[in-house]
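Got a predicted structure plus its sequence, pasted below:
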Amino acid sequence: MKDLAGHNCLQFSYQETGVNEWPVTVKGKPGSIKISGRFQADSLVSLREAAVAGMGIAFMPVYLVREQIQKGQLIPVLRESIYRDVGIYAIYPNIRYVPRKISAFIELLIKHYVKQGCEFH
């Protein structure tokens, strides 16, 4: 992880830790690591495309880069030591009977979430 200091790290503008840090889980504990880089974007898709173009290292949700990894356009690094699990939440009114379309949507989210996963590497 110390090697990241010498690399151009692509930065996400809306990171809750700020643009100069990546929120990560290291050895099972949540934290953050300081980074630096010359490119910043407010879109994860823009960061992915910048990484594909060779502009630097990106900390991305796995589901967003799976295809690029399979095609050999991106190579995962530090996968075992730096990652982040994130949650997805369905918020709806506290009512006695949940309409079928809401419960069906929640079931779809669960199925997709389990299949895709929502890890950052």
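Received it, and whenever you're ready, just let me know what you need. Keep in mind it's a predicted model, so treat the numbers as computed, not measured.

Phi first, then psi, for the residue of the chain positioned farthest from its centre.
In the chain, residue 96 marks the outermost C-alpha relative to the chain mean, sitting 35.0 Å out by CA atoms, centre = their mean. Main-chain dihedrals, residue 96, degrees, to the nearest 10: phi -70, psi -50.

How much space separates it from residue 110?
Distance, residue 96 to residue 110, by CB to CB, to the nearest Å: 22 Å. Where C-beta positions appear, they are placed from N, C-alpha and C, glycine not excepted.

And residue 79, by the same measure?
From residue 79 to residue 110 the distance is 25 Å (CB to CB).

likewise residue 58?
Distance from residue 58 to residue 110, by CB to CB: 27 Å.

got it, and residue 73?
Residue 73 is 30 Å from residue 110, by CB to CB.

now swap in residue 12 and tell me
Taking CB to CB, one finds residue 12 at 26 Å from residue 110.

of these two, who's got more company?
The neighbour comparison of residue 12 against residue 110 (other CB atoms under 10 Å) goes to residue 12, with 20 against 12.

Now do the more buried one, the pLDDT please.
What the model reports as pLDDT for residue 12 is 84.

so what's the residue lying closest to residue 8 once chain neighbours are set aside up against?
The shortest distance from residue 8 to any non-neighbouring residue, by CB to CB, 6 or more residues apart in numbering, is to residue 56 (3.6 Å). Counting by CB atoms under 8 Å, 6 or more residues apart in numbering, residue 56 touches 7-10, 37-39, 50.

of all these, which comes closest to residue 106?
residue 10 (33.2 Å; CB to CB).
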